[in-house]
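>>> give the three-dimensional model of this entry:
(2 chains)
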Amino acid sequence: MTADLQYSHPLDLHPFLLATDEHEEERSCQEDRQQAVVIMAEVEETLKRIQTHKGVIGTIVVNAEGIPIRTTLDNSTTVQYAGLLHQLTMKARSTVRDIDPQNDLTFLRIRSKKHEIMVAPDKEFLLIIIQNPNE
Amino acid sequence: MPVLNKATLKSKQGSNVHYQKAPAAAKPSKAASKKKDEEDGVDLGDGGDEWTQGKTIKPPDQLQLSQAELKEEFTKILTVNNPHAPKNIVRYSFKERSYKTISGVDQMAVHFALDGNLLHQDSDEARRQRAKQGQVEEKVAVDAEVQEDEDKPDTPATGGGEPGEDGGEADGEDRPDSVVSRTYTKEQKATNQFNFSERASQTLNNPLRDRACQAEPPPRCNFSATVDQGEIYEAYAEELQKQEKEKQKAAPPKKDEDKGKRKATLTETRSDDISKLATVAKIAERLVNQNTFDDIAQDFKYFEDASDEFRGQEGTLLPLWKFQYDKVQRLSVTALCWNQKYSDLFAVGMGSYEFSRQGQGMLLFYSLKNCSFPEYVYPTDCGIMCLDIHERLTYLVAVGFYDGCVAVYNLMEEDEQLQPAYKSTATTGKHMDPVWQVRWQKDDMDNNHNFYSVSSDGRVVSWTLVKNELRFTDIITLSLEGPASDGTPDAVQQHITACGRSLDFHKQIDRLFLVGTEEGKVHMCSNYSSQFLETYAAHSMAVDAVKWNHFHPKVFITCSFDCTVKIWNHNINTPMLTFDLSAPVGDVAWSPYSSTVFAAVTSDGRVHIFDLSINKYEAICQQRVVPKKKTRLTHIEFNPVYPIIIVGDHRGYVTSLKLSPNLRKKPKEKKGQELPKGPEVEVAKMEKILVHAH
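Numbering: from 1, shown residues only, chains lettered A, B, ... in the order given. As a prediction, this is how the structure comes out:
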């Protein structure tokens, strides 16, 4: 007895739509959109978790031009952090890549007396977290 | 020149007049004699002068001469020779290539020269001047005749040269002065002899106009950048990607083109705001966690319990991270498995052992780098009872459920519904009872992945992943009385089937596997035969876990709820070693680094670690690892790389512990002997123990 397993596929829900190609496309695009929504939700959740983590003072998301998109600190501080750290990250990144072009910067930690600033760069974004590790 | 006597000579100019003395006169005395002459001259002049009265004053260095010498007469000759003219001029003669004296030297001395302004009357200049002045009458008349006579031969010559102008002007002049005027005008006209005429014409010059136009300058912007190696590399990498994309676009059939286009337009509307932050956010979370749990991370990496030296044989377990997930409500840890490839990733299966409390389950993946939140979460409808991660393709996870289904999750697929890639259903041969163990096996002949499952319904089933399906094959059916044939379903139903509880494949020999049953028996079976190769009466209660030794090919271990752990040699029907742990044993595991070390967890919350090479009868570590009493430990797993273990309990927590050095002892090297490494050593170690055990 051989069994054919039908693993769940979105098209299974509407078998009579198999005939047309367009709908199939729409389905897959909807999937992409749904996926995008899900990913965004995950990212939001992760950011929320980071913000509520022990000792975290603030979180800033900066875009490629150095403009903060999202922050939990006040405006002036945010702008200051964003501007300064953006430049520093670019410098650090170019240093790493200059030494070995196949290498890339993963993250940057700056530990000071009062707290620690962590910068995680991306192609388009920059995530800055300020945490007090001694709490 | 007259020869003068020196006495009569008076020279105002002094030295200008030169005396040629007789050669007898000595030259050195020339100077003195000159002076003397001057003085004599002066002396002689004394007679005439008024102010030189008195005696003659003789200078102290005056030459003293005798009277005879004084009276001597000297002859003076005046010559024409210029005393200042050089006597020996030498010229270089190129012919003879040497310097030769010139014999004739100019002796003329010009004393005075004065330029006069007299002209000879016959010279040209004189004539011109006369003509200008117009000197007339006698001299002029006389001279004019003379001049005319002289001019006449001139004029015919010049007349030819001055045709028109001359004649015209001459005629126009006054007649009486014709002679003079003629000469005058003739003299005045100093035209040249050549026939020179100039003819010039000028064309009309067009007036110049300036016409210019200026276009608007193109917009400019300043661009500056610094280039370093990294940017050059990036540019090249992008180029390469573009080229590859183009190649790919060219390759696929035209059918996909339309789809591709439409997809492109629709994907642009996708919000790319923060969704790209996923990896970055993950890294950030790990950073934050690393800070918070910094001491744990340091301990994990570097801490080695120094007090082990003083403790003798015993060791301890250092608690590290504790993993818990908030959304897990009252579920127990039912399965643990480390990922072979990423040694910090492990899978936790959540379910429930209680019959009455069956509900949802969860499949979680944790990383040691982030203990506050799992990496992957898969909620399931039914409680998970067991799981296994594929050895090579570590993204494939086989899961067995309480309701008898098996499923395979693919971690690489991004499925928003978090559904498994493959799942068995009621029609496709799922088990009737909970699946207690799943194990991946090597790919079969057609390179399809396959895994085995054992369940309480007594079946050992092999599942093969073929394209989109999960095909099952019954390997063996456990029966109480004896081996059952894999024949018709009728025959199977007649026998009483035993309930399988655990399954483990031999590490080296693929086809050989062990099955533990709920009746307490352990059967050794093979893929190819439907009959048991061997049966061991192992325990009085269900055999919870059966595990082959990682190194020794003949040794396996079993544990059971009857509080015992037994070690077997598969050739012998009775256990080699038995340990009583005074509490139901949930799970047992061999260590990956030593063939004689194993760990067991019990329901009283304790972890027991044994090292048979050190102590064959007692555990070298018995430690409670959970804070609350009455927490039953359900599973234990050794990390393949790091010296840590993870322990799951029935409350749903997973604790990680670090093994102290005493628990990780390698055999001591004898002095002077090199320590042999490798699994052979482990095998030999085990052999020694087995020999001694009997």
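>>> what's the burial count for residue 126?
Chain wasn't specified; assuming chain A. 24 (other CB atoms under 10 Å in any protein chain shown). (Glycine included, C-beta is placed from N, CA and C.)
>>> actually chain B
13.
>>> Provide a list of residues in contact with it.
B:119-120 (CB atoms under 8 Å, 6 or more residues apart in numbering or on different chains).
>>> give me the element it is part of.
Using DSSP states H and E, the element containing B:A126 is helix B:124-133.
>>> how about B:E244?
helix B:229-250.
>>> what segments of chain A are strands?
A:56-62, A:68-71, A:108-111, A:116-121, A:126-131 (DSSP state E).
>>> reformat those strands into a markdown table and put mean pLDDT next to each item.
What follows is the strands of chain A, written out as a markdown table (pLDDT from 0 to 100):
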| stretch | mean pLDDT |
| --- | --- |
| strand A:56-62 | 91 |
| strand A:68-71 | 89 |
| strand A:108-111 | 92 |
| strand A:116-121 | 92 |
| strand A:126-131 | 92 |
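>>> of those strands, flag the one that's most buried.
A comparison of the strands of chain A by mean neighbour count, using mean count of other CB atoms under 10 Å in any protein chain shown, puts strand A:126-131 on top with a mean of 24.
>>> what lines up beside that strand in the sheet?
Applying DSSP bridges, strand A:126-131 is found paired with strand A:56-62 (antiparallel), strand A:116-121 (antiparallel).
>>> leaving out chain neighbours, which residue sits closest to A:G83?
A:G66 (6.1 Å; CB to CB, 6 or more residues apart in numbering or on different chains).
>>> distance of that neighbour relative to chain B?
16 Å (CB to the nearest CB, to the nearest Å).
>>> what number of residues lie near that residue?
Neighbours of A:G66 using other CB under 10 Å come to 16.
>>> measure it to B:K423 for me?
From A:G66 across to B:K423, the span is 48 Å (CB to CB, to the nearest Å).
>>> hang on, the earlier thing: what's the helix holding B:E244 packed up against?
helix A:75-99 (3 or more CB pairs under 8 Å, 6 or more residues apart in numbering or on different chains; DSSP states H and E).
>>> residues in contact with the helix it packs on?
A:58, A:60, A:62, A:66-68, A:71, A:73, A:103-105, A:108, A:117, A:119, A:121, A:126, A:128, A:130, B:228-231, B:233-234.
>>> try 6 Å this time
Helix A:75-99 has contacts (CB atoms under 6 Å, 6 or more residues apart in numbering or on different chains) with A:60, A:62, A:66, A:68, A:71, A:103, A:105, A:108, A:119, A:121, A:128, B:228-230.
>>> let me know the closest of the residues you listed to B:Y528.
Distance to B:Y528 across the contacts of helix A:75-99 (CB to CB) is lowest for A:N103, with 51.6 Å.
>>> run through the residues that contact the residue in chain B that chain A sits nearest to.
Chain A sits closest to B:G230 of chain B, with a gap of 2.3 Å, by CB to the nearest CB. By CB under 6 Å, 6+ apart, B:G230 lies in contact with A:94, A:97-98, A:101.
>>> repeat that for B:T464.
B:448, B:450, B:471.
>>> now do 7 Å
B:444, B:448, B:450, B:471 (CB atoms under 7 Å, 6 or more residues apart in numbering or on different chains).
>>> just these: which are in strands?
B:450, B:471.
>>> out of the contacts of B:T464, which is nearest to B:D457?
Closest to B:D457, out of all of those and judged by CB to CB, is B:R471, at 18.4 Å.
>>> how far away is the closest one from B:F401?
B:R471 is 18 Å from B:F401, by CB to CB.
>>> more crowded one of those two?
Under the criterion of other CB under 10 Å, the comparison of B:R471 against B:F401 puts B:F401 first, with 24 against 19.
>>> who's B:E534 bridged to?
Bridge pairing for B:E534 - DSSP bridges - gives B:M524.
>>> return the one helix or strand B:G586 maps to as CSV; C-alpha atoms alone will do.
Following DSSP H and E, the helix or strand that holds B:G586 is strand B:585-590. Extracted C-alpha coordinates of strand B:585-590, given in CSV (Å, rounded to 0.1, in the frame of the first residue of the first chain):
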residue,chain,number,x,y,z
VAL,B,585,16.0,7.0,35.5
GLY,B,586,14.6,9.2,32.8
ASP,B,587,17.5,9.1,30.3
VAL,B,588,21.0,8.0,29.9
ALA,B,589,23.7,9.2,27.4
TRP,B,590,27.2,8.2,26.5
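>>> what strands flank the following helix or strand past that strand, and is each parallel or antiparallel?
Using DSSP H and E, the helix or strand that follows strand B:585-590 in sequence is strand B:597-602. Applying DSSP bridges, strand B:597-602 is found paired with strand B:585-590 (antiparallel), strand B:606-611 (antiparallel).
>>> quick one: strand B:597-602 to chain centroid distance?
51 Å (CA atoms, centre = their mean, to the nearest Å).
>>> kindly state the beta-bridge partners for the closest residue to B:A583 other than its chain neighbours.
Among residues not flanking B:A583 along the chain, B:T602 sits closest, at 3.9 Å (CB to CB, 6+ apart). Using DSSP bridges, the bridge partners assigned to B:T602 are B:V585.
>>> the spatially most central residue of chain B: what's it in contact with?
Closest to where the C-alpha atoms of chain B average out (CA atoms, centre = their mean) is B:Q229, at 4.4 Å. Under the criterion of CB under 7 Å, 6+ apart, the contact list for B:Q229 reads A:97-98, A:101.
>>> how much space between it and B:K685?
Distance from B:Q229 to B:K685, by CB to CB: 53 Å.
>>> residue ranges in the stretch 451-600 of chain B under the pLDDT threshold?
By pLDDT under 70, the weakly predicted segments of the stretch 451-600 of chain B are B:480-495.
>>> could I get the full set of strands for it?
B:459-466, B:469-477, B:500-505, B:512-517, B:521-526, B:534-537, B:543-548, B:555-560, B:564-569, B:577-580, B:585-590, B:597-602 (DSSP state E, counting those that start in this stretch).
>>> hmm, which helix or strand of chain A has the shakiest average pLDDT?
The weakest-scoring helix or strand in chain A, judged by mean pLDDT, DSSP states H and E, is helix A:21-51 (a mean of 72).
>>> ok, now how distant is A:M90 from B:T226?
11 Å.
>>> of those two, which one has the most company?
Using other CB under 10 Å, the more surrounded residue of A:M90 and B:T226 is A:M90, with 14 against 6.
>>> and that one, what's its pLDDT?
pLDDT, A:M90: 89.
>>> picking up where we left off before, most surrounded residue in the contacts of B:Q229?
A:R97 (20 neighbours).
>>> ok so, going back, these two touch, right, the residue nearest to B:A583 and B:G586?
Yes: using CB atoms under 7 Å, B:T602 makes contact with B:G586 at a distance of 6.5 Å.
>>> can you list residues touching both of those two?
By CB under 7 Å, 6+ apart, the residues touching both B:T602 and B:G586 are B:L633.
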